[in-house]
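J.: 3D, please:
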Amino acid sequence: MTAMTLGMPINYAGDFRETINNLADFESVGVDRIAVPEAYSFDAVSQLGYIAAKTERMQLQTAILPMFSRTPTNLAMTAAGLDYISDGRAVLGIGASGPQVIEGFHGVKYDFPVGRAREHAEICRMVWRRDKTEFHGKHYTLPLDEEHGGSGLGKALKIINHPVRERIPMLLAAIGPKNTELAAELFEEFQPILFHPEQIQAAFGEALAAGKAKRDPSLGELGIVVQSTARISDDPAEIEKATTLVRHHAALYIGGMGARGKNFYNTLAQRYGYVEEAKLIQDLYLDGKKAEAAAAVPEDLVRSMSLIGSRSEVAERADAFRSAGVTCILASPVAETHAERLKDMETLRAIFGG
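T.: Below is the predicted model:
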């Protein structure tokens, strides 16, 4: 049985200090990765720097840094700095986000996400190797010359410090076919959202195969990182509470993350086969009927992408994720107390193996 890495995401809307004060407990029961989101909340990097000082062996993943809000070189410096202070535990997760956040919150044009992701990866690795910053791409030119709007005074430089690793693992958050293909070609890890393991072939199979066909063997096997809500219990009330959280989370993305006709997550649900259900969820959500939208999320989707139920039921779901090629699950424990959450994560560690 292939072991999977057990990770845990931090909730950016929760009490960060309380969560961090408990991280040593989670690390002691086998949580091997912590992932800090950013969205349009506090930045993820400063929090990960604090976490680096509070932990000893957890991988520290950015989840996810939007490419449009940072230059590729800034991302490379940031990851190298985090890798340095954590003794080589950084995982640089990047993604495109969407026009509502990028143009609405950052005021930056949302364009060419696939091409920019490729150039971000190439430039980051160039910086970590301590090569001079000489790059001539479609979207980024280093140094910026007069032809591309610069003063002509730019100089090709290399990072002053020596990075701990010249190949910091990079992860691309992706659900669209072109981004998924790029992740399989050029990144160490691929992170989809609302992941239904039994539908990986229908939703991502063709794109993953096309990317892997162009993959450099030096990158190793593609890792797949997914997020899943976790609650191990035989109590029907506890199971209902946990699945309700999943329903509302799914409805937010399928129904409300994007405009009508331009919602990547709604399109993903349709690729899973929930065509009419996805349209209904969006109509209800955008009409302000959020509870009804959550109720319309198919039970099969809720159960398939979650780790909720008895130990044997959760073990079956873990096997489904493993069979789909998942290498790391960022499990969100949703039990009421810290002791219960810790117990659930310890049980998951045993189920995952390793």
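J.: could I get the buried residue list for stretch 28-36?
T.: 29, 31-36 (16 or more other CB atoms under 10 Å). C-beta: built from backbone N, CA, C; applies to glycine.
J.: so which of the residues you listed belong to strands?
T.: Among the buried residues of stretch 28-36, the members falling in strands are 33-36 (criterion: DSSP state E).
J.: okay, these in JSON lines with pLDDT and distance to residue 8 next?
T.: Shown next, in JSON lines, are those (pLDDT from 0 to 100; distance: CB to CB, whole Å):
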{"residue": "33", "pLDDT": "98", "distance to residue 8": "7"}
{"residue": "34", "pLDDT": "97", "distance to residue 8": "6"}
{"residue": "35", "pLDDT": "97", "distance to residue 8": "7"}
{"residue": "36", "pLDDT": "95", "distance to residue 8": "10"}
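J.: list just the nearest of those to residue 24.
T.: residue 34 (11.5 Å; CB to CB).
J.: mind putting the buried residues of stretch 28-36 into a markdown table with distance to residue 217?
T.: Converted to a markdown table, the buried residues of stretch 28-36 look like this (distance: CB to CB, whole Å):
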| residue | distance to residue 217 |
| --- | --- |
| 29 | 35 |
| 31 | 31 |
| 32 | 25 |
| 33 | 25 |
| 34 | 30 |
| 35 | 27 |
| 36 | 31 |
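J.: ok, so of those residues, who is nearest residue 219?
T.: Distances from residue 219 to these, taken by CB to CB, are shortest for residue 33, at 19.0 Å.
J.: surely the closest one touches residue 330?
T.: Yes - counting by CB atoms under 8 Å, residue 330 is a contact partner of residue 33 at 7.0 Å.
J.: who touches both of the two?
T.: Overlap of the contact sets of residue 33 and residue 330 (by CB atoms under 8 Å, 6 or more residues apart in numbering) consists of 7-8.
J.: pick the one among the ones in strands among the buried residues of stretch 28-36 closest to residue 179.
T.: residue 35 (18.7 Å).
J.: tell me if residue 227 really is in a strand.
T.: Yes - the assignment for residue 227 is a strand, going by DSSP: H, G, I helix; E, B strand; the rest coil.
J.: low-scoring stretches of this protein, by residue?
T.: 1, 12-14, 354 (pLDDT under 70).
J.: ranges for the strands of it?
T.: Using DSSP E, the strands of the chain run over 5-9, 33-36, 59-62, 65-66, 90-95, 135-136, 141-142, 170-173, 189-191, 223-232, 307-309, 328-333.
J.: check the buried residues of stretch 28-36 and tell me the two furthest apart.
T.: 29 and 36 (19.6 Å).
J.: tell me how many other residues surround residue 323.
T.: Counted with other CB atoms under 10 Å, residues neighbouring residue 323 total 12.
J.: which residue packs closest to it, ignoring adjacent ones?
T.: residue 197 (6.9 Å; CB to CB, 6 or more residues apart in numbering).
J.: would you confirm that that neighbour contacts residue 329?
T.: No - look at residue 197 against residue 329 with CB under 8 Å: they stay out of range, at 10.3 Å.
J.: give me the common contacts of those two.
T.: residue 321.
J.: compare the two (neighbour count), which wins?
T.: Neighbours per residue, other CB under 10 Å: of residue 197 and residue 329, the larger number sits with residue 329, 26 against 20.
J.: ok, now which ones touch the more buried one?
T.: 4-7, 225-228, 307, 318, 321, 348, 352 are the contacts of residue 329 under CB under 8 Å, 6+ apart.
J.: which residues does it bridge with?
T.: With DSSP bridges as the criterion, residue 329 is bridged to residue 6, residue 226.
J.: then the one 4 residues further on?
T.: Applying DSSP bridges to residue 333 gives these bridge partners: residue 230.
J.: ok, how many other residues are close to it?
T.: Residue 333: 21 surrounding residues under other CB under 10 Å.
J.: and what of the one 10 residues further on?
T.: When neighbours are defined as other CB under 10 Å, residue 343 has 15 of them.
J.: all helices of the stretch 201-350 of the chain, in order?
T.: 206-213, 236-251, 264-271, 275-286, 290-295, 299-304, 311-323, 338-352 (DSSP state H, counting those that start in this stretch).
J.: list of residues touching the first one?
T.: Right, helix 206-213. 177-178, 180-186, 190, 200, 222.
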